[in-house]
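**Q** The following block contains a protein sequence and its predicted model.
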Amino acid sequence: MTNFSQVQKTNYSEDFLSQEQEYRRELEQFRNKLLLVSSHGPEKARQKHRERGKLLARERIHLLLDPETPFLELSAFAAYGQYNNEFPSAGIVTGIGVIHGRECMIVANDATVKGGTYVRETIKKHVRAQEIALRNQLPCIYLVDSGGIYLPEQARVFPDRFDFGRVFFNQAQMSARGIPQISVVMGSCTAGGAYVPAMSDETIIVKNQGTIFVGGPPLVKAATGEEVSAEELGGAEVHTSVSGVADHLAENDANALQKCRDIIASLPIKTKERPDWKTIQEPKLQSENIYKEIPVDLKKPMNVHQIIRYLTDNSDFQEFKANYGKTLVTGFAQIMSYRVGIVANQSFLTSEAALKGAHFVQLCNQRKTPIIFLQNISGFIVGKKYEHQGIAKDGAKLIQAVANSVVPKITVIIGGSFGAGNYAMAGRSFDPEFLFMWPHAKISVMGGEQAAGVLQSIGNNGDTKTLLDEFEEKSTAYYSSSRLWDDGIIDPADTRKVLGMTLSVCSNQPIGEPRYGVFRM
């Protein structure tokens, strides 16, 4: 095993220091944008929310979790740069936290954002959280405070397969598989949103605050002429003593969250292998020094061996086929005491690199070892020589192996993610358990300059600058995260912690036996 701690310490040159300063400027922009999308709705809406005695969505989550435990928030940048930025975090907070020592998926409506109503990205975010919970057998807790579908967007969020109805389909599927579904109604729960608590295994509702109705007072009056208050129609007393739609009556937000914690505490605990946290060996390198290793300019090389040193226990890495297919780095390590395989780009993929990667992915599946993919890939190598050598069929072998992998896959885009390299390295369409991006990362079918060159070569002499600008805008991590092509943008220095949390979550799922299709020889 290679012990990176024995490698001579890097003497950081002026170039490295300049690189670190440049990346810290990138981080400052990231943190400012994160603060913006995490600040809930406008001040007026927040004030009105508090005047009603209600906690903000993230405050509710904080009170629900075990003290001093982390919360892995997902897709904080959902809807960023869309809808005039009137839907920060798409009006919903999702993520994984620990309650009585048990990992849970939490979905919390933010009523300060357009009354907690759902646009397209809200639904994608809600459904994605449920997909993660289903695959990893996590209890789901819904902190409900929502007006249902945002009516101006109804045609984009109502009828299709993965639109609003998928939320209830997923609840039914998870409940049938014994994955607990718990709702805490902490405000309005209107129209289709009424079925979130109705489809839950147990439901808590806050007195004089929570309401559940398929049709609210305005709709009832329009349809029947009946005048009725929200509380009379579907308040907490009605649903806990008359209709039976809810099961537990709470006095306020804090009381409701405590009741939810009590329910989680009463659930049967599924045993899983847990690492001994006290014996975990930290990397030999300080996490914040990783910024010295990351060029913001994707044209500059990144030493992925160095990146790995910041992520693995004791900075150890047992490299596989170190001298073959060197544009792909593969090997075994431990992260937070979890045994993992690592597949990391050092450049474009050659035939040798693709064959090496396919071999290694098969090894990980045979040994039931989760795989971490570190993407910084310009794509597969191109040219007459390589086409004649069969780069397409060799690349297909790697794609075949990754597509049929049964072990957990966690992908981090640490640089560029272009072309078919995105697929081969477990991009979104290859269904990794989690996919995160670093703030400077980019994702597109190819670089803007290459795209402009291709179009010019086929006689399209459009505005090259406009095309370059469009590629630049639409390939950023923020554009991706806004549309939920990933599970969130993370600080590179937090990558090891994020991987540790997600590996722990993935250890809940059973691992089957791999089956592969035809490997074209």
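**A** Ah, there it is. Everything numeric in this text was worked out from a predicted model, so none of it was measured. Residues are numbered from 1 along each chain as shown.
**Q** Give the residue spans of the protein that score low on pLDDT.
**A** 1-14, 273, 447-449, 451-456, 458-462 (pLDDT under 70).
**Q** can you list contacts of stretch 282-291?
**A** When contacts are taken as C-beta atoms under 8 Å, 6 or more residues apart in numbering, the neighbours of stretch 282-291 outside the stretch itself are 4-5, 19-20, 23-24, 27, 307, 309-315, 492-496. To be clear about C-beta, it is placed using only N, CA and C from the backbone, and glycine gets the same treatment.
**Q** Just the ones in helices from those, please.
**A** Residues of the contacts of stretch 282-291 located in helices (DSSP state H): 19-20, 23-24, 27, 307, 309-311, 495-496.
**Q** Neighbour-wise, which one of the residues you listed leads?
**A** The residue in the ones in helices among the contacts of stretch 282-291 with the most neighbours, by other C-beta atoms under 10 Å, is residue 311 (26 neighbours).
**Q** Can you tell me the closest non-neighbouring residue to it?
**A** In space, not counting the residues next to it along the chain, residue 311 is nearest to residue 496; the distance is 4.9 Å by C-beta to C-beta, 6 or more residues apart in numbering.
**Q** Could you check how far the one you found is from residue 315?
**A** Counting by C-beta to C-beta, to the nearest Å, the gap from residue 496 to residue 315 is 11 Å.
**Q** hmm, what's the outermost residue in the protein?
**A** Residue distances from the centre of the chain (C-alpha atoms, centre = their mean) peak at residue 225, which lies 45.7 Å from the mean C-alpha position.
**Q** Would you list the phi and psi of that one?
**A** The phi/psi pair for residue 225 (degrees, to the nearest 10) reads phi 80, psi 0.
**Q** Start the count at 26 instead of 1 going forward.
**A** Sure, I'll start numbering at 26, so the last one becomes residue 250.
**Q** Provide a list of residues in contact with it.
**A** If you count contacts by C-beta under 8 Å, 6+ apart, then residue 250 has nothing around it.
**Q** got it, and the one 3 residues further on?
**A** Applying C-beta under 8 Å, 6+ apart, we find residue 253 in contact with 242, 245-246.
**Q** can you dump the C-alpha coordinates of stretch 529-538 into PDB?
**A** Taking Å, rounded to 0.1, in the frame of the first residue of the first chain, the C-alpha atoms of stretch 529-538 are listed here in PDB:
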ATOM      1  CA  SER A 529     -22.900   5.900   5.900                       C
ATOM      2  CA  VAL A 530     -26.300   6.400   4.200                       C
ATOM      3  CA  CYS A 531     -25.500   4.000   1.400                       C
ATOM      4  CA  SER A 532     -24.500   1.300   3.900                       C
ATOM      5  CA  ASN A 533     -28.200   0.900   4.700                       C
ATOM      6  CA  GLN A 534     -28.900  -0.700   1.300                       C
ATOM      7  CA  PRO A 535     -28.600  -4.300   0.300                       C
ATOM      8  CA  ILE A 536     -26.100  -5.100  -2.500                       C
ATOM      9  CA  GLY A 537     -27.100  -7.700  -5.100                       C
ATOM     10  CA  GLU A 538     -25.100  -9.700  -7.600                       C
END
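**Q** Can you point out the buried residues in that stretch?
**A** 529-534 (16 or more other C-beta atoms under 10 Å).
**Q** and those residues, which of them are in strands?
**A** Cross-referencing the buried residues of stretch 529-538 against strands under DSSP state E gives no overlap.
**Q** Among the residues you listed, which one sits closest to residue 346?
**A** residue 531 (25.4 Å; C-beta to C-beta).
**Q** Against residue 64, how distant is the residue nearest to the closest one when sequence neighbours are not counted?
**A** Closest residue in space to residue 531, ignoring its immediate chain neighbours: residue 433 at 3.7 Å, by C-beta to C-beta, 6+ apart. Residue 433 sits at a distance of 33 Å from residue 64 (criterion: C-beta to C-beta).
**Q** Looking at the two now, which is surrounded by more residues?
**A** Here residue 433 and residue 64 are set side by side on neighbour count (other C-beta under 10 Å), and the busier one is residue 433, at 26 against 15.
**Q** Hmm, residue 395 and the more buried one touching each other?
**A** Yes - taking contacts as C-beta atoms under 8 Å, residue 433 lies within contact range of residue 395: 4.1 Å.
**Q** Pull up the overlap in contacts between those two.
**A** Joint contacts of residue 433 and residue 395 (C-beta under 8 Å, 6+ apart) are 528, 531.
**Q** Tell me how far the residue farthest from the centre of the chain lies from residue 243.
**A** According to C-beta to C-beta, residue 250 stands 12 Å off from residue 243.
**Q** how about the strands in the stretch 26-175 of the chain?
**A** In the stretch 26-175 of the chain, the segments counted as strands under DSSP state E, counting those that start in this stretch are 27-28, 97-99, 117-124, 127-134, 165-171.
**Q** These: which one's closest to residue 378?
**A** Across these, the minimum distance to residue 378, taken as C-beta to C-beta, is reached by strand 27-28, at 19.4 Å.
**Q** can you put the strands of the stretch 26-175 of the chain in JSON lines and add distance to residue 495?
**A** What follows is the strands of the stretch 26-175 of the chain, written out as JSON lines (distance: least, C-beta to C-beta, whole Å):
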{"stretch": "strand 27-28", "distance to residue 495": "43"}
{"stretch": "strand 97-99", "distance to residue 495": "28"}
{"stretch": "strand 117-124", "distance to residue 495": "29"}
{"stretch": "strand 127-134", "distance to residue 495": "34"}
{"stretch": "strand 165-171", "distance to residue 495": "35"}
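**Q** Can you say which of the ones you listed is packed in most?
**A** Between those, strand 165-171 has the highest mean count of neighbours, a mean of 28, where neighbours are mean count of other C-beta atoms under 10 Å.
**Q** What lies in contact with the helix or strand following that strand?
**A** Toward the C-terminal end, the helix or strand that comes next after strand 165-171 (DSSP states H and E) is helix 179-182. Contacting residues not belonging to helix 179-182 are listed as 143-145, 147-148, 174-175, 188-189 [C-beta under 8 Å, 6+ apart].
**Q** Report all helices and strands that the following helix or strand past helix 179-182 contacts.
**A** On the C-terminal side of helix 179-182, the nearest following helix or strand under DSSP H and E is helix 190-201. Under the contact definition 3 or more C-beta pairs under 8 Å, 6 or more residues apart in numbering; DSSP states H and E, helix 190-201 sits against helix 145-161, strand 206-214, helix 220-223.
**Q** how much distance is there from the second one to the middle of the chain?
**A** Just to be clear, that refers to strand 206-214. Relative to its parent chain, strand 206-214 has a centroid offset of 23 Å by C-alpha atoms, centre = their mean, to the nearest Å.
**Q** wouldn't residue 41 be in contact with residue 317 here?
**A** Yes - in terms of C-beta under 8 Å, residue 41 counts as a neighbour of residue 317; the distance is 4.6 Å.
**Q** What is the neighbour count of residue 241?
**A** The number of residues packed near residue 241 is 20, by other C-beta under 10 Å.
**Q** Report the buried residues of stretch 240-255.
**A** Counting neighbours by 16+ other C-beta under 10 Å, one finds that the buried residues in stretch 240-255 are 240-242, 245.
**Q** Kindly apply the preceding question to stretch 289-304 instead.
**A** 289, 300.
**Q** Kindly format the C-alpha coordinates of that stretch as CSV.
**A** As requested, C-alpha coordinates have been extracted for stretch 289-304 and formatted as CSV (Å, rounded to 0.1, in the frame of the first residue of the first chain):
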residue,chain,number,x,y,z
ILE,A,289,-38.6,8.0,15.3
ALA,A,290,-37.3,6.7,18.7
SER,A,291,-40.0,4.1,18.7
LEU,A,292,-39.2,2.6,15.3
PRO,A,293,-37.4,-0.7,15.1
ILE,A,294,-33.7,-0.2,14.4
LYS,A,295,-32.2,-2.0,11.5
THR,A,296,-28.7,-3.0,12.4
LYS,A,297,-25.9,-2.1,10.0
GLU,A,298,-22.1,-2.2,10.1
ARG,A,299,-20.9,1.0,11.5
PRO,A,300,-17.2,2.1,11.6
ASP,A,301,-15.5,2.8,14.9
TRP,A,302,-15.4,6.6,14.7
LYS,A,303,-12.8,6.8,17.4
THR,A,304,-10.2,4.9,15.4
